[in-house]
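[1] Here is a sequence together with a model predicted from it:
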Amino acid sequence: MNRLFGRSLLLTIFISFQACAQIETKEEENVEVDVTANYEIPAENIYPSSDIIITTHSDWAKKHYPKRIQEFKQNPLQTDDIVFLGNSITEQVEDWGQKVNNAKAKNRGIAGDTTEGVLARLEELIYFKPAKAFILIGINDLFRDDMSAQKVYDNIIRIVRRINTNNPETKIYLHTILPTTTSSLKSKIKQTNSLLIKAEKVESYKLIRLYKEFSNENDTMNMSLSSDGVHLNNNGYEVWIKKIKEYIN
């Protein structure tokens, strides 16, 4: 009995030793991963497909949107970038890094874009985790009869919450929507902005109040700051950049 017990004990110890050796070998294999390898960015997961259709886009915007997305793929963001997210008012700056004297500032404006278009392309921001996001969006929505101030506001808040939920460390700077020379839009723009002002107390964003900087006594666009009643001229961009300069650096 003693000999049999002794043999069993030795066999058990031997098997245990082998098992431990195998575990150690597996752990060593896991450690030996080439962390310097260049892995491809999963572009198919972080950018909208080339055939995407945003229903709130104009016919022209439906063609321009995928072209800009392709440009973004070719020049992806970097972690801790400063992203300017919006429509043509943002896109027309072209080089935001040069404009604000900060190489981390990247242009993610798409002419003709709407709040739904921005929602469809947020994965890029979520993936790269920018340090800051400056958002100006909504005027193209408000030009549509089927988009109320409430709908535009709801979509803007969805944009903010989605970024904040996935990247809580990204600081969000949301702008009030700029005035235009279209008198019929005055009420919708002011309603949307009023909702954004009230929500600042409970949502995770800093509100940049641009509307007053660009409106005249009639609550329409100050044409000394605009090229066509909607878009900005050089003077207009100077006013905008002066307003946000303290938040960029």
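    It's in.

[2] Leaving out chain neighbours, which residue sits closest to Glu123?
    Ile46 (4.3 Å; CB to CB, 6 or more residues apart in numbering). Using the backbone N, CA and C atoms, a C-beta is placed for each residue, glycine as well.

[3] I meant Ser227, not that one.
    Asn233 (4.6 Å).

[4] For the one you found, which residues are in contact?
    Asn233 makes contact with Leu225, Ser226, Ser227 under the criterion CB atoms under 8 Å, 6 or more residues apart in numbering.

[5] What count of nearby residues applies to the last one?
    Residues lying near Ser227 (other CB atoms under 10 Å) number 13.

[6] Give me the helix or strand of the protein that scores worst on average pLDDT.
    The weakest-scoring helix or strand in the chain, judged by mean pLDDT, DSSP states H and E, is helix 2-31 (a mean of 40).

[7] in stretch 157-169, what's buried?
    Ile157, Ile159, Val160, Arg162, Ile163, Asn164, Asn167 (16 or more other CB atoms under 10 Å).

[8] Among those residues, which are located in helices?
    Among the buried residues of stretch 157-169, the ones falling in helices (DSSP state H) are Ile157, Ile159, Val160, Arg162, Ile163, Asn164.

[9] need those residues in JSON lines with distance to Gly97 and pLDDT, can you?
    Shown next, in JSON lines, are those (distance: CB to CB, whole Å; pLDDT from 0 to 100):
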{"residue": "Ile157", "distance to Gly97": "29", "pLDDT": "98"}
{"residue": "Ile159", "distance to Gly97": "23", "pLDDT": "98"}
{"residue": "Val160", "distance to Gly97": "24", "pLDDT": "98"}
{"residue": "Arg162", "distance to Gly97": "25", "pLDDT": "98"}
{"residue": "Ile163", "distance to Gly97": "21", "pLDDT": "98"}
{"residue": "Asn164", "distance to Gly97": "25", "pLDDT": "97"}
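
[10] Can you lay out those residues as CSV showing distance to Ser215?
    Converted to CSV, these look like this (distance: CB to CB, whole Å):
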residue, distance to Ser215
Ile157, 23
Ile159, 24
Val160, 24
Arg162, 30
Ile163, 28
Asn164, 29
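
[11] Tell me the secondary structure of Asn218, please.
    coil (DSSP: H, G, I helix; E, B strand; the rest coil).

[12] Show the contacting residues for Asn166.
    Ile126.

[13] Could you report the pLDDT at it?
    We have a pLDDT of 97 for Asn166.

[14] which residues of the chain fall in strands?
    82-86, 105-109, 132-136, 171-175, 206-208 (DSSP state E).

[15] among those, which is nearest Glu200?
    strand 206-208 (4.5 Å; CB to CB).

[16] partner strands of that closest one, parallel or antiparallel?
    Strands that pair with strand 206-208, judged by DSSP bridges, come out as strand 171-175 (parallel).

[17] how far off strand 82-86 does the strand it pairs with point, in degrees?
    Interaxial angle, strand 171-175 versus strand 82-86 (axes from the mean of the first three to the mean of the last three CA atoms, to 10 degrees): 30 degrees.

[18] Asp81 and Lys104 touch, don't they?
    Yes - Asp81 lies in contact with Lys104 (CB atoms under 8 Å); the separation is 5.0 Å.

[19] Just the helices from this protein, written as ranges.
    With DSSP H as the criterion, the chain has helices spanning 2-31, 43-46, 59-74, 88-91, 96-99, 115-119, 123-128, 139-142, 149-166, 186-199, 211-214, 234-248.

[20] Pick the most buried one from the ones you listed.
    helix 139-142 (a mean of 25; mean count of other CB atoms under 10 Å).

[21] From the chain's centroid, how far away is it?
    Averaging C-alpha positions (CA atoms, centre = their mean, to the nearest Å) puts helix 139-142 18 Å from its chain's average.
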